[in-house]
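> Need a 3D model of the sequence below.
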Amino acid sequence: MLRIHFSATDIARLQIRDTPHPLWEALLSLHVLQSTGGPHFTEWRRDAARRMYGAEPLVELAWPWGYSPDFLTPDLPGAGIEEAVAVLLHTPRERIAADVRELGAIRRLGAANLAVADGDERALRWLGTAVRAYHHSALGPVWPAVVRLVAEDAEARRRILDLDGVDRLLATLHPMAVWRRPVLEIDYPVDQDLRLGGRGLELIPSYFCQNVPITLKDTGLPPVLVYPANRPAPVADASLAALVGNTRAAVLEAVAVGRTTTELAHELGVSAANISHHIGVLRKAGMLTTQRQGANGFHRLTILGTAVLGRRL
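Model (predicted):
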């Protein structure tokens, strides 16, 4: 469980990034490349795999099932990949060494990354070149879509913040996140407390983030929470529709990113009463849960619902 502890100052200093973080997208896309989840990534994964010339050591650093070195995703303004790589390579050498050796304690590293850990300047230049080349070849073709999705998500979150306040924003951030003021709790692979201590928090919507939001391991670094940007609800999969019916399949797809009854009715073009009926059936079947938010209900997938939908936790 990840617990993010807010003070009144932290709530006032909450920020939402509206441009993609090029290095977080690179890291998380490498995670996606090594996994099988997310049907919307299937075509990208196939195309990107063809362009991975000489990037094996970079893949090795971006281990998707545990720790990935914090130095790979430094604090950045709205920078492009060239500026981002420059910031990356200006990371103190002792920081890079400590992060890579921490990864090396849990998985075997090749010679290139051992040289990075030793502060070898040629190895560090290789790392910068590899990150830049990977970003251009694997992310370049989809970068306009990345920019668009991140901007749309940030705009939607800011609208929630402006109209309904920070409690609503954090309560609807992600299906795996629960806001109990002053703590945001997230179902997380490890147990971690992030005490903001007046530093605020930057929310970073991400195209390639899957399953659950992610943060840095070192709680002394500038606090960030990277989360999956909301995607438009897809057309329900035919096999899922055959199992539960078209409308309920569409509800499950939409609820994957958390939705209220009103939002579901608007998105699916169905009356609120009809949506409430289908929600009740799915809730009794154990596929989703509902939290009351004023006069409305906010619906999330359960583990069973996620499994039925075919998404890897």
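
> list the buried ones in the longest helix seen in the chain?
For the chain, the helix with the greatest residue count under DSSP state H is helix 143-164. Neighbour counts over helix 143-164 (16 or more other Cβ atoms under 10 Å) mark 143, 146, 149, 150, 151, 152, 153, 154, 157, 160, 161 as buried. No exception for glycine: its C-beta is placed from N, CA and C like everyone else's.

> how about the fifth one, what does it touch?
By that I understand residue 151. Each residue near residue 151 by Cβ atoms under 8 Å, 6 or more residues apart in numbering is listed here: 18, 19.

> Hmm, residue 33 and residue 58 touching each other?
No - Residue 58 is beyond contact range of residue 33, at 10.4 Å (criterion: Cβ atoms under 8 Å).

> And the buried residues of helix 143-164, which is closest to residue 177?
Nearest to residue 177 among the buried residues of helix 143-164: residue 157, at 12.8 Å, using Cβ to Cβ.

> That closest one and residue 170 touch, don't they?
No - judged on Cβ under 8 Å, residue 157 makes no contact with residue 170 at a distance of 10.0 Å.

> For the stretch 151-300 of the chain, just list every one of the strands.
177-180, 183-186, 192-195, 202-206, 224-228, 259-260, 288-293, 296-301 (DSSP state E, counting those that start in this stretch).

> okay, those strands in CSV with distance to residue 84 and mean pLDDT next?
As requested, the strands of the stretch 151-300 of the chain are exported to CSV (distance: least, Cβ to Cβ, whole Å; pLDDT from 0 to 100):
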stretch, distance to residue 84, mean pLDDT
strand 177-180, 27, 92
strand 183-186, 26, 95
strand 192-195, 23, 96
strand 202-206, 13, 97
strand 224-228, 14, 96
strand 259-260, 34, 82
strand 288-293, 38, 81
strand 296-301, 34, 82
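
> Now tabulate these in TSV and tack on distance to residue 102 and mean neighbour count.
Shown next, in TSV, are the strands of the stretch 151-300 of the chain (distance: least, Cβ to Cβ, whole Å; neighbours: other Cβ atoms under 10 Å):
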stretch	distance to residue 102	mean neighbour count
strand 177-180	26	17
strand 183-186	22	18
strand 192-195	15	16
strand 202-206	22	23
strand 224-228	19	23
strand 259-260	38	24
strand 288-293	36	16
strand 296-301	33	20
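
> So for residue 44, which of these sits nearest?
strand 202-206 (14.0 Å).

> which regions of the protein lie under the pLDDT threshold?
38, 54, 232-243, 293-295, 310-313 (pLDDT under 70).

> okay, now the domains of it?
Listed by automatic domain parsing, the domain ranges of the chain are 2-18+145-228, 22-142, 238-309.

> Give me the distance from the second one to the chain's centre.
Average the C-alpha atoms of domain 22-142, do the same for its chain, and the two points are 16 Å apart (Cα atoms, centre = their mean, to the nearest Å).

> Ok, stretch 263-280 next?
Using Cα atoms, centre = their mean, the offset of stretch 263-280 from its chain centre is 27 Å.

> Identify the residues contacting it?
233, 247-248, 250-251, 254-255, 259, 261-262, 288, 290, 297, 299.

> buried ones in that stretch?
For stretch 263-280, by 16+ other Cβ under 10 Å, it's 263, 264, 265, 267, 268, 270, 275, 278, 279.

> so where do the helices sit in the stretch 201-313 of the chain?
Listed from the start of the chain, the stretch 201-313 of the chain has helices (DSSP state H, counting those that start in this stretch) covering 238-244, 246-255, 261-268, 272-284, 303-309.

> May I see these organised as JSON lines, with distance to residue 6 added?
Output for the helices of the stretch 201-313 of the chain, formatted as JSON lines (distance: least, Cβ to Cβ, whole Å):
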{"stretch": "helix 238-244", "distance to residue 6": "37"}
{"stretch": "helix 246-255", "distance to residue 6": "26"}
{"stretch": "helix 261-268", "distance to residue 6": "25"}
{"stretch": "helix 272-284", "distance to residue 6": "30"}
{"stretch": "helix 303-309", "distance to residue 6": "27"}
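
> From residue 2, how far off is residue 218?
14 Å (Cβ to Cβ, to the nearest Å).

> what does residue 76 give?
22 Å.

> Using the three-state scheme, assign the closest residue in space to residue 48 that isn't next to it in sequence.
The shortest distance from residue 48 to any non-neighbouring residue, by Cβ to Cβ, 6 or more residues apart in numbering, is to residue 138 (4.1 Å). Of the three states, residue 138 takes helix under DSSP: H, G, I helix; E, B strand; the rest coil.

> which ones are touching residue 138?
Residue 138 neighbours (Cβ under 8 Å, 6+ apart): 29, 33, 48, 51, 52.

> which of those residues has the most neighbours?
When neighbours are counted by other Cβ atoms under 10 Å, residue 29 leads the contacts of residue 138 with 25 neighbours.

> Skipping adjacent residues, who's closest to it in space?
residue 208 (4.3 Å).
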